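In: I would like the atomic coordinates for the input below:
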Amino acid sequence: MGFTKATLSGIVGLILGAASLVGCTAEAAVTPAPTSAPSDSAAPAPTRMPTATAYAEPLQAFGGDCSNVFADVAHFTGTDTNIREMFVAPNGRATLGGLICSYWPTDGNWLYAEVFPVSSLTADVLQLRDECGWGGDYGLCRASTISAGVWISLTAEPSVRTDDPTTAPIPDWLTEALDDAASRVSTWAEPHAATRTAAWWNIADACTQIASQLDIPAILMSSDYIEGYPTDAFSTGAIADLVEEQGTEEWCAWYSYESGRGIYLELFPGAGSTWSSYTSDAILLEVEGASSAAQVPNFMGGEATLATDGTNVVAVSHTDADHAMIAAAVFTALGR
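Out: You can find the predicted model right below:
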């Protein structure tokens, strides 16, 4: 069974075109002219190789709108369903063309949807099995399919308990919801990831590079600190691993239990292309090394500072230290 309580914590904390021929007119039959035999010396025509399309910006499935995924989500979930896009921009999932949605009714079935272009996914994600079961008091069911080059995965709670707690039948309503989403996905433009360029940050060793530019003991007011952050409110699992493996998201953190102070930042290579879409109403700031910076509400409370060089984005939060100073250190470390 692939589900764990940590997985639940992360949950509860992507066209086929048709061509037609028109305007053809009838003509009188013409006797074709004789053709000469090909010359042995004739050179073969060169073969034109297809060129992959480069996208400056990503495009999310279902027009990037969670309310488009189902024709009537309340039919599956229940009354007064709250629809929310998880991991609001910037985030590495959206850079890959992904859309993550949650549906929470006042009374009924909660539902969680993950939608990505197949071209953005790794084998680990594509090999995820449909499964359903209970882990103690926590139950999860996953059902997924591919439609028009788009992978759609839905997660919900089992409808019934079984004698074998590790297995349960996938609810009929969840299968119906999956069929509904699959039938609708090609209504919207085909999703795709942003195309990586040389200007994207390489996040393979990013945290170490950033740490070399920060006086962490001074910021934390303690030399006794850990690399990490004391919370389990971050998502885990194959999709969380996907954004790191595809190089579109990483987080770095340092925390001192002695002083109770921390540094938490998130890196989003390639997310700068959609900067204006999530900072149009934000408070503008100045950050050394950044072309733009803004203060926005943080989903876990307080304020976060976003800064971009036009290509990449860093988000700084959960620290009493100067956000602008920490963001500037990121550009120094990764922009060289």
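In: Tell me where the stretch 101-250 of the chain has helices.
Out: 123-126, 172-184, 206-211, 216-220, 238-245 (DSSP state H, counting those that start in this stretch).
In: Looking at the ones you listed, spot the one closest to residue 87.
Out: Distance to residue 87, taken as Cβ to Cβ, is lowest for helix 238-245 among the helices of the stretch 101-250 of the chain, at 9.2 Å. C-betas here are computed from N, CA, C, even on glycine.
In: and the next element down the chain from that closest one?
Out: Using DSSP states H and E, the helix or strand that follows helix 238-245 in sequence is strand 250-256.
In: Let me know the angle separating that following strand from helix 238-245.
Out: 100 degrees (axes from the mean of the first three to the mean of the last three Cα atoms, to 10 degrees).
In: Give me the contact list for strand 250-256.
Out: Strand 250-256 is contacted by residues 203, 206-207, 210-211, 216, 220-222, 224-230, 234, 244, 261-267, 318 when judged by Cβ atoms under 8 Å, 6 or more residues apart in numbering.
In: Same question for stretch 197-213.
Out: 227, 244, 247, 249-250, 252, 254, 265, 267, 269-270, 309, 311-312, 329-330, 332-334.
In: same thing but 6 Å
Out: For stretch 197-213, the external contacting residues (Cβ atoms under 6 Å, 6 or more residues apart in numbering) are 247, 250, 252, 267, 269-270, 311-312, 329-330, 332-334.
In: Closest one to residue 72 out of those, please.
Out: Within the contacts of stretch 197-213, the smallest distance to residue 72 is 34.7 Å, found for residue 270 (Cβ to Cβ).
In: Just give me the neighbour total for the residue nearest to residue 78 when sequence neighbours are not counted.
Out: Closest residue to residue 78 apart from its sequence neighbours, by Cβ to Cβ, 6 or more residues apart in numbering: residue 108 at 1.8 Å. Look at residue 108: counted by other Cβ atoms under 10 Å, it has 16 neighbours.
In: Quick check: can you list the domain ranges of this structure?
Out: 56-187, 206-334 (automatic domain parsing).
In: Kindly present those domains as a markdown table, with separate columns for mean pLDDT and distance to residue 196.
Out: Formatted as a markdown table, the domains of the chain follow (pLDDT from 0 to 100; distance: least, Cβ to Cβ, whole Å):
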| stretch | mean pLDDT | distance to residue 196 |
| --- | --- | --- |
| domain 56-187 | 90 | 9 |
| domain 206-334 | 90 | 7 |
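In: could those domains be laid out in a markdown table, adding distance to residue 195?
Out: Converted to a markdown table, the domains of the chain look like this (distance: least, Cβ to Cβ, whole Å):
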| stretch | distance to residue 195 |
| --- | --- |
| domain 56-187 | 7 |
| domain 206-334 | 8 |
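In: which residues touch residue 159?
Out: Here residue 159 is in contact with residue 171 (Cβ under 6 Å, 6+ apart).
In: From residue 218, how far off is it?
Out: Noted for residue 159: a distance of 54 Å to residue 218, by Cβ to Cβ, to the nearest Å.
In: Now residue 149. Nearest residue, chain neighbours left out?
Out: Here the residue nearest residue 149, using Cβ to Cβ, 6+ apart, is residue 118, at 5.3 Å.
In: neighbours of the one you found, just the number please.
Out: Around residue 118 there are 15 residues (other Cβ under 10 Å).
In: mind listing what's buried in stretch 78-91?
Out: 78, 81, 83, 85, 86, 87, 89, 90, 91 (16 or more other Cβ atoms under 10 Å).
In: Those: which two are farthest apart?
Out: So, these by Cβ to Cβ: farthest apart are 78 and 90, at 31.8 Å.
In: For residue 238, which non-adjacent residue is spatially closest?
Out: residue 125 (4.9 Å).
In: Number of residues surrounding the one you found?
Out: Other residues lying near residue 125 total 20 when counted by other Cβ under 10 Å.
In: what about it, distance to residue 104?
Out: Relative to residue 104, residue 125 is positioned 24 Å away (Cβ to Cβ).
In: Equivalent analysis for residue 54, please.
Out: 38 Å.
In: if you count what's nearby, which of the two comes out ahead?
Out: residue 104 (17 against 9).
In: Now the phi/psi pair for the closest residue to the more buried one other than its chain neighbours, please.
Out: Closest residue in space to residue 104, ignoring its immediate chain neighbours: residue 82 at 4.7 Å, by Cβ to Cβ, 6+ apart. The phi and psi torsions at residue 82 (degrees, to the nearest 10) take the values phi -80, psi 120.
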